[in-house]
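Participant: pasting a predicted model and its sequence here:
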Amino acid sequence: MRLRHTAAAALGALALVCTQSASASAATGDFSYKFVGLDGHPQSITLHDPESPACITLPETVDPDSSEPAFAPHNDTDTWVMVFSEPDCTGDSWTLRPHGTAATDRLTLRSVYLTDRTG
């Protein structure tokens, strides 16, 4: 009886270990963008080694009814990035290559998806 309980506990522990998700990885480098602050002046944000793959809704732009979209994204990470016109990686999208140049101020975004595809 004790052997059966021990075996069941070992199998349960093994199942738990196998079902845990893999730890998140991070893109190496910086992803930056600009946004208009509450004072009406442009400000810059840089995400250092952001989690990937992951969708990140930019907190400064989360509510389309009360905030302007961010602009001028710059992907200086080692992964391909997709920027989206709406929160939660929805809407129109554009792809930015790894270690690219800064995009124009006309390219606006509210969320970004960092892939796990390196360049």
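Facilitator: Okay, I see it.

Participant: hey, let's count contacts and neighbours off CA atoms from now on
Facilitator: Fine.

Participant: hey, where'd the helices end up in this protein?
Facilitator: Under the criterion DSSP state H, the chain contains helices at 2-19.

Participant: look up how far His74 lies from Ser52.
Facilitator: According to C-alpha to C-alpha, to the nearest Å, Ser52 and His74 sit 16 Å apart.

Participant: the more surrounded of the two?
Facilitator: His74 (22 against 19; other C-alpha atoms under 10 Å).

Participant: who is that one paired with across the strands?
Facilitator: In this entry, His74 is beta-bridged to Ser32, by DSSP bridges.

Participant: ok, it touching Pro98?
Facilitator: No - look at His74 against Pro98 with C-alpha atoms under 8 Å: they stay out of range, at 9.4 Å.

Participant: from start to finish, how long is stretch 47-66 in a straight line?
Facilitator: By C-alpha to C-alpha, the extent of stretch 47-66 from end to end equals 23 Å.

Participant: please disregard the earlier target; I meant stretch 101-109.
Facilitator: Termini of stretch 101-109 sit 16 Å apart (C-alpha to C-alpha).

Participant: cool, and stretch 75-95?
Facilitator: Distance between the two ends of stretch 75-95: 10 Å, counting by C-alpha to C-alpha.

Participant: need the contact list for Glu86.
Facilitator: Pro64, Asp92, Leu109, Arg110, Ser111 (C-alpha atoms under 8 Å, 6 or more residues apart in numbering).
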